[in-house]
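> Starting from these lines, generate the structure:
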Amino acid sequence: MSAAERRSSSDIIIAITTLIFAVTSMITVYISVSAWNNERESVRPYLTFHNSPEVYLEDKHLIFSFAFYNIGFHPVASFHSQTLIVDYGLDDQPLHNDQFTLVNYIPQNTTTDLVIKIDLEPTNIDYYNINPHYILINLKYTDPILEKSHEQIIYLRWDGITEGNLQPIFHCSIQEKDLILDYIEKF
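Next up is the predicted model:
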């Protein structure tokens, strides 16, 4: 093999080695950025129910009580919620549509309450038998440390009041969620 051929073979080996190192470096950077993003996501604020949601009837008022618990490492800031309560038939105006904003921080391992009080007297609803309803809770808040906004949407079903007995609140199925989303598009 001549000197020119050895040099050409050497150049090819160096080029291939450089390419391998470049690809390896790109993969390492991708893995590092992914791990960093996963770590950032794991410390973000995140709200969940502290206890099961409660519902009760008091002086012709239907009251829903939700206690949200911040299980994230960072506090929740600029907490804003919008609630929509609509008959399970999804064929009428909502029974309730309201917004709530909290300016205080919700630190890690702390709760905040969302209480919805609906005056049933003007609705002419029979307090002894109330149809099932869907409850949609849209939570928006920011992470003040990372300055990032987050949104959670919770889809619930309350089975109403049957012969004076208050029924519990459950999470919706995927099919019910789709029905609610169709209703919201029309609403």
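> ok so residue 125 is a helix residue?
No. Judged by DSSP: H, G, I helix; E, B strand; the rest coil, residue 125 forms no part of a helix; its state is coil.
> Is residue 183 within a helix or a strand, and which one?
Under the criterion of DSSP states H and E, residue 183 resides in helix 174-186.
> Just the local confidence number for residue 19, please.
Model confidence at residue 19, given as pLDDT, is 86.
> From residue 12, how far out is it?
Distance check for residue 19 against residue 12: by Cβ to Cβ, to the nearest Å, it reads 11 Å. The way it works is simple: take the backbone N, C-alpha and C, and place the C-beta from them, glycine included.
> Could you give me the buried positions within the strand or helix carrying residue 79?
Following DSSP H and E, one finds residue 79 within strand 77-87. Of the residues in strand 77-87, those scored as buried under the neighbour-count criterion (16 or more other Cβ atoms under 10 Å) are 77, 79, 81, 83-87.
> Stretch 143-163 now?
For stretch 143-163, burial by neighbour count (16+ other Cβ under 10 Å) applies to 143, 150, 154-161.
> swap in stretch 121-131?
For stretch 121-131, burial by neighbour count (16+ other Cβ under 10 Å) applies to 125, 130.
> average pLDDT for that stretch?
Confidence over stretch 121-131, taken as the mean pLDDT, stands at 87.
> where's that stretch relative to the chain centroid, distance-wise?
Offset of stretch 121-131 from its chain centre (Cα atoms, centre = their mean, to the nearest Å): 31 Å.
> contact partners of it?
Surrounding stretch 121-131, the residues in contact under the criterion Cβ atoms under 8 Å, 6 or more residues apart in numbering are 57, 60, 62, 87-89, 95, 120, 160-164.
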